[in-house]
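**Student:** next input, structure requested:
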Amino acid sequence: MFSELRDRVRRLATGLEDAGVGPGDRVALMADNGLVFFDVYLAAAYLGAAAVPLNTQLTDPELAFILSSAEPRLTVASGRYARRLGAIGAAGPVVDADADAYEELLRSAPFADLDRAAEDDTALILYTSGTTGRPKGVCLTQRGLAFNGMTMALVQRFRPDDVCLSTTPLHHTAAGARVCSMLADGQTHVVLGSFSPESFFTAVAEHRVTVSVLVPAQIRRLLDHPGFDGADLSSLRLIVYGAAPAAEPLIRQARERFGCGMHQSYGITECVSNLTGLLPEDHDLAMAGRPELLGSCGRVVPGVRIELRDEGGALTAPGEVGEIWVKSEKAMACYWRDPGQTAEALVGGWLRTGDLGRFDDDGYLYIAGRAKDMLISGGVNIYPSEIEAVLHLHPAVSEAAVVGRSDPDWGERPVAFVALHPGGGLDGLLDWCRARLAKVKVPDEFIAVDGFPRTATGKILKVRLRELLAEV
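**Tutor:** The predicted structure follows:
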């Protein structure tokens, strides 16, 4: 199968070259999950070019911005997406992945110049979700993607006979990186066109899936589905979860009912994700008397260094919260055509993540939130994640997100948006928080919501919550 993939990709590389794609060029891609991602990601890499996947959930103005920024030499898009990009006015020609033109590219002779690409070539440009402003193009090199595959193989203990199931969009970092990391040891890779509990259960049983990556919202949907107990999940050895904070009760339930190992991962697009790991044995330790570990994202993975620094760039004292700075071969080369943002993020060989965290005495990292999400109330730093963790323990709460509201006396005050379990209510949440949090950290308001605005990978869009708060 890998020999077939290699032949297919080499043929596409020649086809793309004949269409004018060369070293340093960009090839944009817009499609639902499928083989075309493996085609384009790897064929572009042979040429020393970069693939630029486009999020299918973006609006036309957002797509237009990315296309004007990336200036792709050529765009591959399937069916309706090809028509949509044509209407927007995509830079360069658009090849419909579902039409004869794409098949014609695949009938080219196999690409022969196998030494053309260099390890420092940008192979993938992933535009950030833009939750805090205009999306930025994160430039990931061939070396960084290969190095990431090795770190993932070590920390997640890849096996040659593993069957990995991708359930999230391949245009996102975590799933997209698997296109490259699976090459580390020849894993079988199964990809869902779109996620549903039914499609997940069917894929696991049919392909004897051993490893799957899920976001917390997907785990919740699976556990709540009436078909869960009847599904054949016996082949699973590992569930990797991350991308969004997970409530401790959810993970306890998942570990018990899935009956396999659990692995939490923290990472960012700028480092190809995968910076820390809370391993299956760490979950065992949490169940055996250290429950606080389920609030951490584990310890630093091989090939990565993390330091916590204050606003001036100095190391913080042990146990104190600081910004997470990362040094690794996995780190991005730059933000595409954005030297100002690049200089702000890359400092002296270190990458500033913008995330806040603290280490415990055993080296477990606890995420305190985004630096921009931190509230300052009456001169006191308040980390929303601490309040959210307390709310997640309340039996009526399914999920919570905390943001700040401007206050003339305090500067800012926390407000909690809460999704409730059926039959649950807001009564009692104030007293619950008062018993577990310092007075300054107790939310002034609790707002019930049916659901949260999210990115494609399940992250809550707090910028939208702040906009909603400004309206009420």
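**Student:** where are the low-confidence patches of the stretch 201-350 of the chain?
**Tutor:** By pLDDT under 70, the weakly predicted segments of the stretch 201-350 of the chain are 243-246.
**Student:** quick one: the strands in it?
**Tutor:** In the stretch 201-350 of the chain, strands defined by DSSP state E, counting those that start in this stretch lie at 211-214, 238-242, 261-266, 276-278, 299-300, 304-309, 322-328, 334-335, 346-347, 350-359, listed in chain order.
**Student:** need the ones you listed in TSV with distance to Gly176 and mean neighbour count, can you?
**Tutor:** C-betas here are computed from N, CA, C, even on glycine. Conversion of the strands of the stretch 201-350 of the chain to TSV gives the following (distance: least, Cβ to Cβ, whole Å; neighbours: other Cβ atoms under 10 Å):
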stretch	distance to Gly176	mean neighbour count
strand 211-214	11	24
strand 238-242	14	22
strand 261-266	15	22
strand 276-278	19	25
strand 299-300	23	18
strand 304-309	19	18
strand 322-328	18	20
strand 334-335	18	21
strand 346-347	22	14
strand 350-359	19	20
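**Student:** do you know which of these lies nearest Ala416?
**Tutor:** Taking Cβ to Cβ as the measure, these were each checked against Ala416, and strand 350-359 came out nearest at 19.0 Å.
**Student:** distance from the chain centre to the closest one, please.
**Tutor:** Put simply, strand 350-359 sits 16 Å off its chain's centre (Cα atoms, centre = their mean, to the nearest Å).
**Student:** same question, stretch 158-169
**Tutor:** 16 Å.
**Student:** what does that stretch contact?
**Tutor:** Residues from elsewhere that reach stretch 158-169, judged by Cβ atoms under 8 Å, 6 or more residues apart in numbering: 33, 55-56, 152, 174-175, 178, 182, 184-192, 195, 200, 203-204, 207-215, 218, 235, 243, 456-457.
**Student:** switch the cut-off to 6 Å
**Tutor:** Identification of contacts with stretch 158-169 by Cβ atoms under 6 Å, 6 or more residues apart in numbering yields 175, 178, 185-192, 195, 203, 207-212, 214, 456-457.
**Student:** stretch 260-270 now?
**Tutor:** Judged by Cβ under 6 Å, 6+ apart, the contacts made with stretch 260-270 from elsewhere in the structure are 126, 128, 138, 173, 236-242, 255, 273-278, 280, 283, 297-298, 332, 351, 353.
**Student:** please repeat the previous calculation with a cut-off of 8 Å.
**Tutor:** When contacts are taken as Cβ under 8 Å, 6+ apart, the neighbours of stretch 260-270 outside the stretch itself are 126, 128, 138, 155-156, 173-174, 233, 236-242, 246, 251, 254-255, 273-280, 283, 297-298, 331-332, 345, 351, 353, 355, 365, 367.
**Student:** looking at the residues you listed, which are in helices?
**Tutor:** Secondary structure assignment by DSSP state H places Val155, Thr173, Ala174, Ile251, Ala254, Arg255, Pro280, His283, Ala345 of the contacts of stretch 260-270 in helices.
**Student:** the fourth one and Gly295 touch, don't they?
**Tutor:** Yep, that's Ile251 we're talking about. No - the pair Ile251 and Gly295 does not pass the contact test of Cβ atoms under 8 Å, sitting 9.9 Å apart.
**Student:** how does this structure divide into domains?
**Tutor:** Taking automatic domain parsing as the reference, the chain has its domains at 2-117, 147-370, 375-471.
**Student:** Arg134 is nearest to which of these?
**Tutor:** Evaluated over the domains of the chain, closeness to Arg134 peaks at domain 2-117, with 6.9 Å, by Cβ to Cβ.
**Student:** what's the first-to-last distance across the closest one?
**Tutor:** End-to-end distance for domain 2-117: 20 Å, by Cα to Cα, to the nearest Å.
**Student:** again with stretch 101-121
**Tutor:** 28 Å.
**Student:** residue ranges with poor pLDDT in the stretch 51-200 of the chain?
**Tutor:** Scanning the stretch 51-200 of the chain for pLDDT under 70 picks out the ranges 129-133.
**Student:** residue boundaries of the strands in it?
**Tutor:** With DSSP E, counting those that start in this stretch as the criterion, the stretch 51-200 of the chain has strands spanning 74-77, 94-96, 122-127, 137-141, 163-166, 188-191.
**Student:** returning to that earlier point: okay, the domains of the chain in CSV with distance to Arg134 next?
**Tutor:** Rendered in CSV, the data for the domains of the chain read as follows (distance: least, Cβ to Cβ, whole Å):
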stretch, distance to Arg134
domain 2-117, 7
domain 147-370, 9
domain 375-471, 12
